[in-house]
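**Q** Curious how this folds, go ahead:
(chains A and B)
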Amino acid sequence: MSSIIHTLQNTVARAVEKLYGEATEPSKVQVNNTPPDFTGDYSVVVFPFVKIAKKAPDATAVEIGEYLKKNVAEVKSFNVVKGFLNLEISDAYWQQFLQSVAADSGFGRQPRNGRKVMVEFSSPNTNKPLHLGHIRNILLGWSCSRILEAIGYEVVKTQIINDRGVAICKSMLSWQKWGAGKTPENTGIKPDHFVGDWYVLFEQKTKAEYEEWQQTEEAKRIFETKKKPNQGEKEFFKEYKNKWFNDHSTLGAEVREMLLKWEAHAPDTLALWKKMNGWVYEGFEQTYNDLGVSFDKLYYESDTYLLGKDIVEEGLSKGVFFKKDDGSVWVDLTDAGHDQKLVLRSDGTSVYITQDLGTAQMRHRELGCERYVYVVADEQNYHFQVLFEILKRLGEPYAEGLHHLSYGLVELPTGRMKTREGTVVDADDLIAEVIRLANEQASERGEIEGVSPAERQENLRRVGMGALKFFIVKVHPHKKMIFNPEESVDLQGQTGPYIQYSYVRINGLMQRVEKEKVDLSKAGAYGDIQPQEKELLVALHDYPNVVLKAAEGYDPSLVANFCYDLAKKYHRFWHDLSIFNADTVEAKAFRLTLSRSVGQVLKSGMGLLGVEMPERM
RNA sequence: GGUCCCGUAGCUCAACGGAUAGAGCAACUGCCUUCUAAGCAGUAGGUUACAGGUUCGAGCCCUGUCGGGAUCACCA
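**A** I've put the predicted structure just below:
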C-alpha cells in the first residue's frame, strides 16, 4: 500500500493548482507529524502557498483542508491552528496499515535495485590489537552496510589490512630479538595481543636507547648546535626523536634493514612476517566474531602498496598531472580550493595517495560497483577530498559515487586516548567488560525461570553487546564522541537494553499467543484506537522513511534514535493499556497484532545497527 | 595563517527551515496482589557560544566574532 504521506502531498499539490492556479512539486509539500498537544496525526505546512493564494494562512489552510477532506477518503477531519493544517486520519487507514505491516516481515526494506556498493571499514594495522576507535569505525561500517542493503543495494564489505611497513617490522624485530621461543600458544596470550606486546616492548627499548644516547658527547654536541634559541634539552630531544631514530639509533637501523629485506622478499623475513601476521589475523578474527561482523573481500596493503604508477602515466598523458624539473609528478588543485599535491616522488616511488588512486581503480575493475564508501576517521578529510577530486579529473566512471564516511574521534572523559599513557581502551577488554556487567546486573535481579544456562549466557551476551553498540552508534558520525565506560554499560534509560527489554516484553506476549493459540483475526474489528496505540502506528509508519534517510545521509544514528523512540512509546503503551487482559477480544487481538509489529520493526531496526535481540532478560 | 568539522539542560545526546527546543543520566517525588519495575508518571534544570542578516517562521541557512578539534609532508 502506498504511504498516506504521498497521497497527502499529491493531493495538496493538486489542491493548490486547482484552487490557486499554480503548479507545485508534490515532494516539496511538507507533511509533518502533529505535535502531541494538537489534535491530528499529520500536519500540512501551508505557509509556502499563502503567497500564491493571496489569502491569510488560516483561510488558505481551511481551503486546502476542505479539499483534502473531500478528495482523500483517509482524511477523517481537519483543524487549523495558527496556519497549521492538522489532519486526522481515519481508523480504517490505520487498521489497514497495521494488517499490511503484520503480513510483511520485510517491512521497511526495499526490493533489490540491482545496484552495487562497496563499503570499506576497519582497515587495521597488524602490529597491535583493535581498540575503541576501531569499534566505532567497525560499527559504522557494518550498520551502513546493513542499511544500504535494506534499501536495495548489493553490498560488498571490505577492509584493507595494513600488513606491511615499519610498524609490523618493529614487532617482528622485537620478537626475533627478545622472544626466546615464546608463542601465543605457549604463553596463552591472545595472538594479536601477543604481537602487540612485542611492539610495545620495542618502543620501550627504543626509548631506553634514546635516553642513553642523550648522555653521549655526540648528543650534547647536536643539542648545542641545533637547538632553537631558549630551547631546553628536554624539549629539543622530544622534537629530535624521529631524526635520531633514522640517523643514530641501532634499533632504528635494524628495523630499516628488516624493511629492506622484506621489500627484497628475503625468505626468512617473509616467513617471520607471515607467521606474525597470521597470529594477528587469528586474534582479529575472534574480535570480529565477538562484534558480529564479517567481510566479503579482503585487501592487503602488501598487495596494493605498489599500485598507482600507471595511473600517474595516465594522468600525465591526460594533462591532469604535470611534471616538475626534478621529475616529481604533481596535480594542481588550486582551482578547487586545494593545494598542489604530489602524486609521485622525484625518485619515482609512490606516496600514500598514489596507492589509493591505484587501489580505487583496481577495485573498480574487480567489483564494478556504482558507489564506494570509505569509513575513515575525520583526520583524513583532506586526503579524501583530494583523492576524490583527482579521480573525478581522471574521468573515472565511478567518481560521482565516491563517499568518505567521516567520523569523529572517540575520547574518554579524561581526554584523548594516548598510547604512551596507556589510556587506549582495548576492544577485547571492553567487550569482556560489558558482558561481565550484564551478568552482574542480571544476577542482582535474580533468575528467570525456564532458561538454560547456555541460553542465559547468550541472552546476556546480547544485552552487554547491545549496550555497547547502541551507546556508540546513537551518536551522529560527524561528532566526536565522549565515551564514558560507565555509562556505556548502563542498562537503563536511553540504551540498547531499554530497547531490547521492550522487545522481550513483546516476545513474552507472543509466546503466550502461541501457547494459548490466541485468535488474532478480530483485530480489524477494533474500533476505538487509543492515543498510545496511535503514536505507535504513526512511528511504525515512519520506519521505511527513516531507513531511507539513514542511507542517504550515511547516518545510522537516525535508526538508533528511531528505535529508542519506538521502544519508549511501546513501554508507555504497555504501562497504560491492558494487552492480554484487554476488555474485548477485538482490543486484545489488535493490541497483540500491534505488539507483534512493533517487535518485528524493533528487531529489524536494531539489526541494521548490528544489535541482536535477546529472547528473555 | 588557509581550509574543514564541532559548540543545545550540570553531564551524554536528539530535534526533513515549522507550532511551547526534546530524551536519558545525575537530584528529588510517586507507582509492583494484575501481561517481566532493565518499566511508567511527575518536579526541577535553556538567552541553543556571541553579534548581525535572510523570511511568514532560524538551534538549523548567510556574514563576522569567540571557544574546541582536525588538517595543510617527496609520512602512512
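**Q** quick one: average confidence on the helix or strand where A:Ile147 lies?
**A** Assigned by DSSP states H and E, A:Ile147 falls within helix A:132-150. For helix A:132-150, the mean per-residue pLDDT is 97.
**Q** what's the neighbour count on the residue in the stretch 401-550 of chain A that RNA strand B sits nearest to?
**A** Nearest to RNA strand B in the stretch 401-550 of chain A, going by C-beta to the nearest atom of the strand, is A:Gly493, at a distance of 2.2 Å. C-beta coordinates here come from the backbone N, C-alpha and C atoms, glycine included. Here the number of neighbours of A:Gly493 (other C-beta atoms under 10 Å) works out to 9.
**Q** do you know how far the most far-flung residue of chain A relative to its centre is from A:Glu224?
**A** Here the centre of chain A is the reference, and by C-alpha atoms, centre = their mean the most remote residue is A:Glu217, at 53.1 Å. Using C-beta to C-beta, to the nearest Å, A:Glu217 is found at 11 Å from A:Glu224.
**Q** just A:Ala253 next, same as before
**A** On the measure of C-beta to C-beta, A:Ala253 and A:Glu224 end up 25 Å apart.
**Q** quick one, which of the two is more surrounded?
**A** A:Ala253 (13 against 10).
**Q** Go ahead and report the secondary structure state at the more buried one.
**A** Under DSSP: H, G, I helix; E, B strand; the rest coil, A:Ala253 falls in the helix class.
**Q** For it, give me the pLDDT.
**A** Here the pLDDT value assigned to A:Ala253 is 94.
**Q** and what of A:Lys241?
**A** Looking at A:Lys241, the pLDDT reads 88.
**Q** Could you double-check that A:Tyr210 lies in contact with A:Ser249?
**A** Yes: assessed by C-beta atoms under 8 Å, A:Tyr210 is found in contact with A:Ser249 at 7.1 Å.
**Q** Excluding covalently adjacent residues, which one is nearest to A:Ile161?
**A** Spatially, and ignoring its direct neighbours in sequence, A:Ile161 is nearest to A:Tyr300 (5.2 Å; C-beta to C-beta, 6 or more residues apart in numbering).
**Q** which ones are touching that neighbour?
**A** Counting by C-beta atoms under 8 Å, 6 or more residues apart in numbering, A:Tyr300 touches A:Ile160, A:Ile161, A:Asp163.
**Q** Go through these and flag which are in strands.
**A** A:Ile160, A:Ile161 (DSSP state E).
**Q** With neighbour count and distance to A:Lys177 added, can I get the contacts of A:Tyr300 in CSV?
**A** Output for the contacts of A:Tyr300, formatted as CSV (neighbours: other C-beta atoms under 10 Å; distance: C-beta to C-beta, whole Å):
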residue, neighbour count, distance to A:Lys177
A:Ile160, 21, 29
A:Ile161, 22, 25
A:Asp163, 23, 21
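**Q** Identify, from the contacts of A:Tyr300, the entry nearest to A:Asn439.
**A** A:Asn439 lies nearest to A:Ile161 out of the contacts of A:Tyr300, by C-beta to C-beta, at 33.2 Å.
**Q** what sits against that closest one?
**A** A:Ser123, A:Pro124, A:Thr126, A:Leu298, A:Tyr299, A:Tyr300, A:Glu301.
**Q** Quick check: the last one touching A:Ile168?
**A** Which is A:Glu301. No: using C-beta under 8 Å, A:Glu301 is not in contact with A:Ile168; the gap is 9.9 Å.
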